[in-house]
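Trainee: Here is my input, please return the structure:
(one chain, ligands or ions: 1)
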Amino acid sequence: MRSIRTLLLAGAAAAALTIGIISPASAIQLSAATPTPTPTATAKATPTPTPTATPKATPTPTPTATPKATPTPTPTAATFRLPLAAKSYSVSSYFGPRCIPVRYGPTVHRGVDMAAAGGAPIHAVAAGIVTATVNGTSSQEGYISVRSIIDGVEYKTVYMHMWSATTHVKVGQTVTAGQRISQVGTSGASSGNHLHLELWKSTPAGMVATDAAAFLKNKGVDLYTSAYRVNAKPTPATCTYYTVGGVNFRTGPSTGYSVIRMLPLGTAMVHVPGTITAGFIPVKVGTQTGWVSASLVSPTKPPAPAVVAPRPVPKPPTYAATAALNLRTGPSTANARILLIPKGANVGVIKASSGQWRQVSYAGKTGWVHSTYLVKR
Ligand SMILES: [Zn+2]
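Mentor: As a prediction, this is how the structure comes out:
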């Protein structure tokens, strides 16, 4: 997701899912924690239920242990392959800290972006088992997630931005390194056809996003030298953002901290990319340091609120009598006559209408005349 495009599409949609606040990868991470039993180690070790647990009361073996059919063990990956054909792609964005690219965007890029032709085959970088396939739309990244065991550690690779995630694989299927699993697309928050490749490593603290390029290079697969070009820009030391409205400038990273002051719309601030705590980023406004909500800043300076010149209110037309006519107390000939307006006299603006009758004023008196005898001056 290197993207700018969906900025316009949907602030809300983008906020909700894509650009990292709830990245599909982290969603996977959550689901991955529970559903499948621990892999490799237990699978071969215990083909039968452990006898020790068998309770004395029941003569029959406990059924609880057996019913789950042995799950497909997560393949151990030993060989590694490029996810796209060599020299068919350019590296457009590195893994790591970066300036928030659009409002609601993340300040950490959790993958490596490889720009390639739409439809170009995507290959699994390592053997594994497919754990998720999500089809893409313009507002939702399509992605395929694959779980692997590498050097005895569980990893998850996520291939993102395809349109259809199920053309070549399905959940539960094992894939080999180099096996075609999908094709390059530009679904979700994406500015063009590219593969966003994430690598997550299992740690005691949970799944942690890892630089796939560095990891694969260590395994003999160099995403950079295999590209026909590397366009990615190095991370700048600081990024400049602007408030998207009145934003509270706080002493700490939550709404529980006191407000130093309110920053008006368009206030510039400086941020060190990658630093974020609970959705708040530490920033410097002038020489003052504080925290603002990351969702309330944008890398683009908002246009100054247009000074709306008061539109000249068009003057209502005034009218004159085309004949001598009666000014009456109400809108019908049944109403009493107040006075006679002479032909050619100015009766000013029309104050009210009722059928063919108009309320006007003449000589300090307000009453009703028939519209037949009025003409715009
Ligand atoms: Zn990306």
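
Trainee: Please count neighbours and contacts with C-alpha atoms only from this point.
Mentor: Will do.

Trainee: can you pull out the strands in the stretch 201-350 of the chain?
Mentor: 206-210, 229-230, 239-243, 247-250, 259-263, 268-271, 280-285, 288-293, 297-298, 318-321, 325-328, 337-341, 346-349 (DSSP state E, counting those that start in this stretch).

Trainee: CA-only coordinates of the fourth one in CSV, if you can.
Mentor: Looking back up the chat, that one is strand 247-250. C-alpha atoms of strand 247-250 as CSV (Å, rounded to 0.1, in the frame of the first residue of the first chain):
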residue,chain,number,x,y,z
VAL,A,247,-6.9,19.5,17.1
ASN,A,248,-6.0,19.1,20.8
PHE,A,249,-2.3,19.3,21.5
ARG,A,250,-1.8,17.1,24.5
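
Trainee: packing partners for it?
Mentor: Here strand 247-250 touches strand 259-263, strand 288-293, going by 3 or more C-alpha pairs under 8 Å, 6 or more residues apart in numbering; DSSP states H and E.

Trainee: how far does it sit from the chain's center?
Mentor: Put simply, strand 247-250 sits 22 Å off its chain's centre (C-alpha atoms, centre = their mean, to the nearest Å).

Trainee: Show the average pLDDT along that strand.
Mentor: Averaging pLDDT along strand 247-250 gives 98.

Trainee: Give me the residues contacting that strand.
Mentor: 257-265, 290-293, 296 (C-alpha atoms under 8 Å, 6 or more residues apart in numbering).

Trainee: and if we set it to 6 Å?
Mentor: Tyr257, Ser258, Val259, Ile260, Arg261, Met262, Leu263, Gly290, Trp291, Val292 (C-alpha atoms under 6 Å, 6 or more residues apart in numbering).

Trainee: How about the first one?
Mentor: Strand 206-210 is touched from outside by Leu199, Trp200, Lys201, with contacts defined as C-alpha under 6 Å, 6+ apart.

Trainee: Looking at these, state which has the most neighbours.
Mentor: Leu199 (26 neighbours; other C-alpha atoms under 10 Å).

Trainee: And what about that residue, helix, strand or coil?
Mentor: Secondary structure state of Leu199, per DSSP: H, G, I helix; E, B strand; the rest coil, is strand.

Trainee: hang on, isn't it packed against Met160?
Mentor: No: assessed by C-alpha atoms under 6 Å, Leu199 is found out of contact with Met160, at 11.4 Å.

Trainee: The nearest residue to Pro317 once chain neighbours are set aside pairs with what?
Mentor: With sequence-adjacent residues excluded and distances taken as C-alpha to C-alpha, 6 or more residues apart in numbering, Pro317 is closest to Val349, at 6.1 Å. Using DSSP bridges, the bridge partners assigned to Val349 are Thr318.

Trainee: next one: Phe280
Mentor: Counting by DSSP bridges, the residues bridging with Phe280 are Thr277, Ser293.

Trainee: list the contacts for it?
Mentor: So Phe280 contacts Pro253, Val292, Ser293, Ala294 (C-alpha under 6 Å, 6+ apart).

Trainee: how does it look with 8 Å?
Mentor: Phe280 neighbours (C-alpha under 8 Å, 6+ apart): Pro253, Ser254, Trp291, Val292, Ser293, Ala294.

Trainee: Nearest to the ion, out of those: which one, please.
Mentor: Ala294 (18.8 Å; C-alpha to the ion).

Trainee: Compute the number of surrounding residues for the closest residue to Arg110 other than its chain neighbours.
Mentor: Among residues not flanking Arg110 along the chain, Phe95 sits closest, at 5.6 Å (C-alpha to C-alpha, 6+ apart). For Phe95, the neighbour count with other C-alpha under 10 Å is 23.

Trainee: what does the stretch 51-200 of the chain have sitting close to the ion?
Mentor: Asp113, His196 (C-alpha under 5 Å from the ion).

Trainee: Strands of the stretch 51-200 of the chain, residue ranges please.
Mentor: Using DSSP E, counting those that start in this stretch, strands in the stretch 51-200 of the chain cover 90-93, 96-97, 108-109, 112-115, 121-123, 128-134, 142-150, 153-162, 174-175, 180-183, 194-203.

Trainee: What about the residue in the stretch 201-350 of the chain that the ion sits nearest to, how many residues nearby?
Mentor: Among all residues of the stretch 201-350 of the chain, Ala232 sits closest to the ion, at 11.0 Å; criterion: C-alpha to the ion. Other residues near Ala232 number 15, with proximity taken as other C-alpha under 10 Å.
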